[in-house]
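>>> could you work out the structure for the sequence below:
(2 chains, ligands or ions: 2)
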Amino acid sequence: MTGAPVRSARALGLCGCHVCGLVMRAPGPDQAAVCPRCGARVHLRKPHSLASCWALLLSAMMLYIPANVLPIMRTGTLFSKEDNTILSGVVELYRNGSWDLAVIVFVASIMVPMLKFLALITLLVSTQRGSSWASTHRAKLYRVVELVGYWSMLDVFVVTLLVALVNFQPLAEVEPLPGVVYFGLVVVLTMLASMSFDPRLIWDNDPSHADIDMHKGTSDE
Amino acid sequence: MEEMRARPGEYSMPPLIVCEHCDAVYQRRTLARGESARCQRCHAVLYRAPWLSVHAMLALTVTAMLCFVMANSWPIVALGLNGKDNASTLWGAIIAVWGAGVPLIAVLAALTLFFFPLAQILLFTWVLMFLRFHRRPPAFAPAMRAIRLLRPWAMIEVFMLGTLVALTKVSSLFDLEMRPGVILFAGLTVTLTLVTTFDVRDLWTLKQERCR
Ligand SMILES: [Zn+2]
Ligand SMILES: [Zn+2]
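Ligands and ions are numbered 1, 2, ... in the order given. Model prediction:
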């Protein structure tokens, strides 16, 4: 796909359906249209995209604190009880020699949510400021966020399974603790936040709708 | 809110495609098998050439269905301690978590590991079954919208990795015994991942071709 200049659908008065791919005449800026083929709601741009993304993101960031500070599960044996946080779970895996899984859990549970926060803040702020800075990279960043976000649910499922399997009272037992609820909510909220962001907004400030300039704007900041 | 409907004649002619990620417009071209078209502006994949026939898609979906049913009928793994065994199915785990005082996690697990994947498989089976026999699938449009909506929320593959992590955590304390469920869940992960790579937009094209 080279050669022809890139035109945005909005500039041509068109709009694409996200469900069936049909290209139709665009509704007005704040109007809702229904796709004539599949009946899905079609918007020129997702309504209130930035506001709802901010709201969901900030709620997620607030819940992220108890999710990490509070223990997510209690492992009990006859002699001892131990509360585990997300981070202590990673450390424990590492100490027991499974450094590979420790890395995976660290990435999924700690790095991915943090990167998601940073990525969404970057996207929101740059879009609000009408920036056309590094559009291609920001678009890519958004796609990565969408792709990896749900893997953070890993620890929630680990706790779910351990609670069911480690059930040998009074010798050994695993109990879920409130931290895991906060963590589950963080994952759901960040997923909703990234879904409510409309990546098309990244390109609306692109100075040249008619052609692209790959060499511009990728190096500053 | 004012709604706008295009007349049937206004369907994209010549076939256009709009990049979902950046709103760039292109003319759709026929791709060779295995090829994919990328957006020139944002570099996202615009569309791929369908790589499976309706028959193959249906076969894969039915396989996913069988895996799903069986994976949920057998325990996944068992832990042993002092001669006592403790095995659990997915539902066993969901119920255990509910009983342990975190119903929200139980609901989350039930939705993302059971109901959403099940709905995905059922919807695909429904649609493909009719298309396979050149029939117009009843409720095709709502089914397509539901498939699209469910896609990010089915998390079987994350559960598979979670199982691996959970077992590693306890492997030094208990005897591990794999049960059929773990293999079947692995099978479900693979087949469902393949099923959900079907491009919903291709199903619209298929429907137009097969049902006139
Ligand atoms: Zn549509
Ligand atoms: Zn694009």
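
>>> nearest spatial neighbour of the residue located most distally from the centre of chain B, chain-adjacent residues omitted?
The outermost residue of chain B relative to its centre, with distances by C-alpha atoms, centre = their mean, is B:Asn82 at 40.1 Å. Spatial nearest neighbour of B:Asn82, excluding adjacent residues (C-beta to C-beta, 6 or more residues apart in numbering or on different chains): A:Leu171 at 7.1 Å. In short, each C-beta sits where N, CA and C put it, glycine included.

>>> phi, psi of that neighbour?
A:Leu171 has phi and psi values of phi -70, psi -40 when expressed as degrees, to the nearest 10.

>>> follow-up on the earlier one: tell me the spacing between the residue farthest from the centre of chain B and A:Ala139.
Computed as C-beta to C-beta, to the nearest Å, the B:Asn82 to A:Ala139 distance reads 56 Å.

>>> kindly report the same for B:Thr196.
23 Å.

>>> tell me which of these two has more neighbours.
Neighbour tally, B:Thr196 and A:Ala139, criterion other C-beta atoms under 10 Å in any protein chain shown: the higher count belongs to A:Ala139, 23 against 19.

>>> tell me if I'm right that A:Pro199 and A:Leu141 touch.
No - if you go by C-beta atoms under 8 Å, A:Pro199 and A:Leu141 don't touch, sitting 9.6 Å apart.

>>> of these two, which one has the most company?
Per other C-beta under 10 Å, whichever of A:Pro199 and A:Leu141 has more neighbours is A:Pro199, with 25 against 19.

>>> next, count neighbours for the nearest residue in space to B:Cys211 that is not next to it in sequence.
Of all residues not flanking B:Cys211 in the chain, B:Arg136 sits nearest, at 4.4 Å (C-beta to C-beta, 6+ apart). Residues near B:Arg136, counting by other C-beta under 10 Å, number 11.

>>> cool, and A:Ala11?
Neighbour count for A:Ala11, taken as other C-beta under 10 Å: 14.

>>> can you tell me the element it falls in?
Using DSSP states H and E, A:Ala11 is not contained in any helix or strand.

>>> over to A:Glu173?
strand A:172-176.

>>> what helices or strands is the helix or strand following that strand leaning on?
With elements assigned by DSSP H and E, the helix or strand that comes after strand A:172-176 is helix A:179-196. Applying 3 or more C-beta pairs under 8 Å, 6 or more residues apart in numbering or on different chains; DSSP states H and E, we find helix A:179-196 packed against helix A:49-69, helix A:112-128, helix A:135-148, helix A:154-165, helix B:103-109.

>>> list the contacts for the residue nearest to B:Asn82?
By C-beta atoms under 8 Å, 6 or more residues apart in numbering or on different chains, the contact set of A:Leu171 is A:77-78, B:81-82.

>>> okay, now the domains of the chain?
Picked chain A for this. Domain assignment for chain A by automatic domain parsing gives A:1-44, A:48-210.

>>> the chain in question should be chain B.
According to automatic domain parsing, the ranges for chain B are B:1-49, B:54-210.

>>> chain B: helices as residue ranges?
Taking DSSP state H, the helices of chain B run over residues B:54-71, B:90-99, B:103-109, B:116-132, B:140-150, B:156-170, B:180-196, B:200-210.

>>> okay if I get those helices as JSON lines plus mean pLDDT?
Listed next are the helices of chain B as JSON lines, based on pLDDT from 0 to 100:
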{"stretch": "helix B:54-71", "mean pLDDT": "95"}
{"stretch": "helix B:90-99", "mean pLDDT": "95"}
{"stretch": "helix B:103-109", "mean pLDDT": "96"}
{"stretch": "helix B:116-132", "mean pLDDT": "95"}
{"stretch": "helix B:140-150", "mean pLDDT": "93"}
{"stretch": "helix B:156-170", "mean pLDDT": "92"}
{"stretch": "helix B:180-196", "mean pLDDT": "93"}
{"stretch": "helix B:200-210", "mean pLDDT": "85"}
